[in-house]
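S.K.: sequence first, predicted model second:
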Amino acid sequence: MFEVPYINKRLFVKDARKIVLSLQLSVNSGTGIIFNMTPSPGATSCLGNAERDVELVCDYLGKTFHQE
């Protein structure tokens, strides 16, 4: 279920709260570091993370990513 969009983040937060009790799903990316954790094998989620991350970086830099 960790590969299913929408459900994946909620499951991760539920498990991670066992270590970081104050962790919340609604953390704003804002500015700073981007952290991704992809299970192995994780090619599908890696590509999804990369697409999301490049959009965040381009927004931060005021640039446009031409997907084609």
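M.R.: Okay, I see it. Bear in mind that the values here come from a model prediction, so they are computed numbers and not experimental data.
S.K.: can you list the weak-confidence ranges in the chain?
M.R.: Along the chain, segments meeting pLDDT under 70 span 27-32, 38-40.
S.K.: so which residues of it form helices?
M.R.: With DSSP state H as the criterion, the chain has helices at 7-16, 43-61.
S.K.: turn the ones you listed into CSV, including mean neighbour count and distance to Asn36.
M.R.: C-beta here means a position set from N, CA and C on the backbone, and glycine is covered the same way. CSV is the format used below for those (neighbours: other CB atoms under 10 Å; distance: least, CB to CB, whole Å):
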stretch, mean neighbour count, distance to Asn36
helix 7-16, 13, 11
helix 43-61, 13, 5
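S.K.: Leu25: which of those helices is closest?
M.R.: Smallest distance to Leu25 across the helices of the chain (CB to CB): 4.9 Å, for helix 7-16.
S.K.: wait, isn't Leu23 in contact with Lys14?
M.R.: No - look at Leu23 against Lys14 with CB atoms under 8 Å: they stay out of range, at 9.4 Å.
S.K.: distance check, Val4 against Thr44.
M.R.: Per CB to CB, to the nearest Å, Val4 is found 11 Å from Thr44.
S.K.: actually Phe35, sorry about that
M.R.: As for Phe35, its distance to Thr44 is 19 Å (criterion: CB to CB).
S.K.: the helices of the chain: which one's closest to Gln67?
M.R.: Closest to Gln67 of the helices of the chain, according to CB to CB: helix 43-61, at 8.2 Å.
S.K.: for the closest one, C-alpha coordinates in PDB please.
M.R.: In PDB, the C-alpha atoms belonging to helix 43-61 read as follows (Å, rounded to 0.1, in the frame of the first residue of the first chain):
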ATOM      1  CA  ALA A  43      11.300   2.800  -9.700                       C
ATOM      2  CA  THR A  44       7.700   3.900  -9.900                       C
ATOM      3  CA  SER A  45       7.800   6.000  -6.800                       C
ATOM      4  CA  CYS A  46      11.300   7.300  -7.700                       C
ATOM      5  CA  LEU A  47       9.900   8.800 -10.900                       C
ATOM      6  CA  GLY A  48       6.900  10.300  -9.200                       C
ATOM      7  CA  ASN A  49       9.200  11.800  -6.500                       C
ATOM      8  CA  ALA A  50      11.500  13.200  -9.200                       C
ATOM      9  CA  GLU A  51       8.600  14.800 -11.100                       C
ATOM     10  CA  ARG A  52       7.300  16.400  -7.900                       C
ATOM     11  CA  ASP A  53      10.800  17.500  -6.800                       C
ATOM     12  CA  VAL A  54      11.700  19.100 -10.200                       C
ATOM     13  CA  GLU A  55       8.500  21.100 -10.000                       C
ATOM     14  CA  LEU A  56       9.300  22.300  -6.500                       C
ATOM     15  CA  VAL A  57      12.900  23.200  -7.500                       C
ATOM     16  CA  CYS A  58      11.800  25.100 -10.600                       C
ATOM     17  CA  ASP A  59       9.200  27.000  -8.600                       C
ATOM     18  CA  TYR A  60      11.800  27.900  -6.100                       C
ATOM     19  CA  LEU A  61      14.200  29.100  -8.800                       C
END
